[in-house]
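Student: Would you be able to build a 3D model of this:
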Amino acid sequence: MEKAKPSASSKFKAAKEVSVMAWIENQFGDVLLLKQSQGNKLWTLPGGKVRMRESLLGALKREVQEETGLKIQSIVLVRVFDRAQKGVITFLYRAQIKGRKDTVLPKRNEISVGQFTSVLPKTPSPSLRFFWNHFRAESDASRFHG
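Tutor: Prediction:
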């Protein structure tokens with residue numbers, strides 16, 4: 001018996017979610033963190049899922065502005081993380097706030113608080129803990145070797 005060929009409607013679908021996150025520091029080296037207002041109410045970096053037909057940079061700008069009310073510039077890709085256990089590929093960017101505005105106006109249905117900090121909060125999301133450890137280890141290494 002011959003197998004039927006896949007139809008055009010049964011095309012391959014992505015097996016992983018794509019997300020973007022922003023590492024934004026102020027002039028003092030403090031990092032912008034957001035506290036989720038739903039679920040476990042953990043601290044995280046600004047960012048989120050990339051929509052269908054949306055560019056990575058477009059998604060990053062949209063997510064940061066939606067969550068914080070801030071516009072970003074000087075966006076540089078830092079690293080791509082293939083988080084296989086979560087089924088997610090995350091693009092982590094460094095970015096700066098556009099203009100002198102640093103007041104965070106959180107999107108209340110998603111974010112309860114947004115603030116710059118130099119200390120990892122007691123209740124970080126797993127991704128924040130991972131990225132925080134990654135960045136702090138890198139900056140410590142460059143401080144001692146650069």
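
Student: Show me the residue at the heart of the chain, geometrically.
Tutor: M21 (1.5 Å; CA atoms, centre = their mean).

Student: any idea what sits nearest it, other than its immediate chain neighbours?
Tutor: What sits nearest to M21 in space, not counting adjacent residues and going by CB to CB, 6 or more residues apart in numbering, is G47, at 3.4 Å. Glycine gets a C-beta too; all of them are placed from N, C-alpha and C.

Student: Kindly report the same for G114.
Tutor: V104 (3.2 Å).

Student: ok, that neighbour - contacts?
Tutor: Counting by CB atoms under 8 Å, 6 or more residues apart in numbering, V104 touches 32, 34, 68-70, 114-115.

Student: Same check on A15?
Tutor: A15 is in contact with G87, counting by CB under 8 Å, 6+ apart.

Student: quick one on the thing from earlier: tell me the phi and psi of the residue nearest to G114?
Tutor: V104 adopts backbone torsions of phi -90, psi 130, taken as degrees, to the nearest 10.

Student: swap in A95?
Tutor: According to degrees, to the nearest 10, A95 has phi -150, psi 160.

Student: burial measure for it, as a count.
Tutor: Around A95 there are 24 other residues, counting by other CB atoms under 10 Å.

Student: Show me what the residue nearest to it when sequence neighbours are not counted is bridged to.
Tutor: Among residues not flanking A95 along the chain, I72 sits closest, at 4.1 Å (CB to CB, 6+ apart). On the basis of DSSP bridges, I72 is bridged to I97.
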